[in-house]
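A.B. asks: Return atomic coordinates for the entry below.
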Amino acid sequence: MYAWAPVVSTAKVNVKERQCDAPVGRIRYSQGTGNKVIVQYGEVTEDIATPVLGEILPEYADDIYKVGRAVLEATFLTKELFFLKMEPTS
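C.D. replies: Predicted coordinates for the structure are as follows:
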């Protein structure tokens, strides 16, 4: 699931991970493929390595697949808008 990021970052990348090796719920930021935030909601076969930002909170783990599928359906069928909100945790 992709969310276009309205910022450009030149920050040093501390951790990269191949998308196919990442767990569901991983959050990444990709400058090299379109300046977007990526939230993994299911299995990925893409073997590109992208910078890791973090992961979703455990209480949302059961819902992430449903949200990802709804976003996919909106992208190709309904055109419903979804917004991604990210906050640091302590």
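
A.B. asks: And the helices in the protein?
C.D. replies: 64-73 (DSSP state H).

A.B. asks: Share the number of residues neighbouring the closest residue to residue 67 other than its chain neighbours, please.
C.D. replies: Among residues not flanking residue 67 along the chain, residue 41 sits closest, at 6.6 Å (C-beta to C-beta, 6 or more residues apart in numbering). Glycine gets a C-beta too; all of them are placed from N, C-alpha and C. For residue 41, the number of neighbouring residues by other C-beta atoms under 10 Å comes to 21.

A.B. asks: and what of residue 14?
C.D. replies: By the criterion of other C-beta under 10 Å, residue 14 has 7 neighbours.

A.B. asks: before we move on, what about the one 4 residues further on?
C.D. replies: By other C-beta under 10 Å, the residues close to residue 18 number 12.

A.B. asks: Correct me if wrong: it contacts residue 47.
C.D. replies: Yes. In this structure, residue 18 is within contact of residue 47 by C-beta atoms under 8 Å, at 5.2 Å.

A.B. asks: beta partners for residue 39?
C.D. replies: residue 27 (DSSP bridges).

A.B. asks: Report the contact partners of it.
C.D. replies: Applying C-beta atoms under 8 Å, 6 or more residues apart in numbering, we find residue 39 in contact with 1, 3, 25-27, 56, 64, 68, 84.

A.B. asks: List the buried residues in stretch 82-90.
C.D. replies: By 16 or more other C-beta atoms under 10 Å, stretch 82-90 has no buried positions at all.

A.B. asks: now do stretch 23-30
C.D. replies: For stretch 23-30, by 16+ other C-beta under 10 Å, it's 24-30.

A.B. asks: Give me the sheet partners of the lengthiest strand in the chain and which way each runs.
C.D. replies: Using DSSP state E, we find that the single longest strand of the chain is strand 49-55. Note on strand 49-55: by DSSP bridges, its sheet partners are strand 16-18 (antiparallel), strand 26-30 (antiparallel).

A.B. asks: Right, I'll leave it there.
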